[in-house]
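A.B. asks: for reference, the sequence and a predicted model appear below.
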Amino acid sequence: MKKPLIGITPNYHAHTKQYQLHEDYANAVLQAGGIPVLLFPDTGFPHYIDGIICSGGGDIDPLLFGEEPIQQSGEISPLRDQYELELCKQALQTDLPILGICRGMQILNIAAGGSIYQDIWTQTGSVLKHQQQAPRTYGTHSISLEKQSILYQLWQEPHMVVNSMHHQAVSRLGKDFFVAAQSTDGLTEAIQQKEKAFVLGVQWHPEAMPTLAQQAIFGRLIEAAISYQNKRKD
């Protein structure tokens, strides 16, 4: 059996024409037993991969979820937005395992017809610190887990402390998603599709936290990717 190929979407900076990806993503996939592969726009749907990670990055164009941009909305990457939207839509149709991380969770939700808050503090009034001033490896606020979620199955704990580096968040859920975890201010911290083998979005950065609990997320992704690989061979 070949190790599963996990496609990862990098960030794209239009003004410098550069792609960028933190090594933590690749290391997490390698440690879990997969092979990381970069996915670039304009290359079509990658039928050769066994799973996808939509990585973190900048803001998403509000027009893509039916809103005008507010003042607090940040820099967008139209090339990346369009590619990842189509990638997620096709992946959802083919039951390809997907892990969305931070921005990746948000684009996954939008691909399923949902929307996001352009700015948490402006639009929700939350006073919780979601842009931490601490190392990426360190968790700074707690989340509560839904018992039906993959995360609860993995951790067998009702609560977990996670890192936090975002000013946007899921608002209206996309089709067939449920809230898998919440922060204490009621914001959605994880989403999941119940009928899929592995379609999970998390608002934090598990690849940056060197714990067994966070690494278990990538382990479950690899398990799902192996099952997908085997079904494709049948």
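C.D. replies: In hand now; what should we look at? Numbering: from 1, shown residues only.
A.B. asks: so Arg172: helix, strand or coil?
C.D. replies: coil (DSSP: H, G, I helix; E, B strand; the rest coil).
A.B. asks: can you tell me the SS state at Gly201?
C.D. replies: The three-state label given to Gly201 by three-state DSSP is strand.
A.B. asks: in space, what's closest to it - neighbours in sequence excluded?
C.D. replies: The shortest distance from Gly201 to any residue other than its chain neighbours is 3.0 Å, reached at Met105 (C-beta to C-beta, 6 or more residues apart in numbering). All C-beta atoms are positioned from the backbone trio N, CA, C, and that covers glycine.
A.B. asks: next, the one you found: phi, psi?
C.D. replies: phi -70, psi -40 (degrees, to the nearest 10).
A.B. asks: now it: how far from Asp42?
C.D. replies: Note on Met105: its distance to Asp42, by C-beta to C-beta, to the nearest Å, is 24 Å.
A.B. asks: neighbour-wise, which of those two wins?
C.D. replies: A side-by-side neighbour count of Met105 and Asp42, using other C-beta atoms under 10 Å, places Met105 first with 28 against 7.
A.B. asks: any low-confidence regions in this protein?
C.D. replies: Scanning the chain for pLDDT under 70 picks out the ranges 1, 234.
A.B. asks: list the contacts for Thr137?
C.D. replies: Residues in contact with Thr137 (C-beta atoms under 8 Å, 6 or more residues apart in numbering) are 163, 208-210.
A.B. asks: adding secondary structure, write these out as a markdown table.
C.D. replies: Converted to a markdown table, the contacts of Thr137 look like this (three-state DSSP):
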| residue | secondary structure |
| --- | --- |
| Asn163 | coil |
| Ala208 | helix |
| Met209 | coil |
| Pro210 | coil |
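A.B. asks: now those residues in CSV, with neighbour count?
C.D. replies: Listed next are the contacts of Thr137 as CSV, based on neighbours: other C-beta atoms under 10 Å:
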residue, neighbour count
Asn163, 21
Ala208, 20
Met209, 21
Pro210, 12
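A.B. asks: sweet, I'm off.
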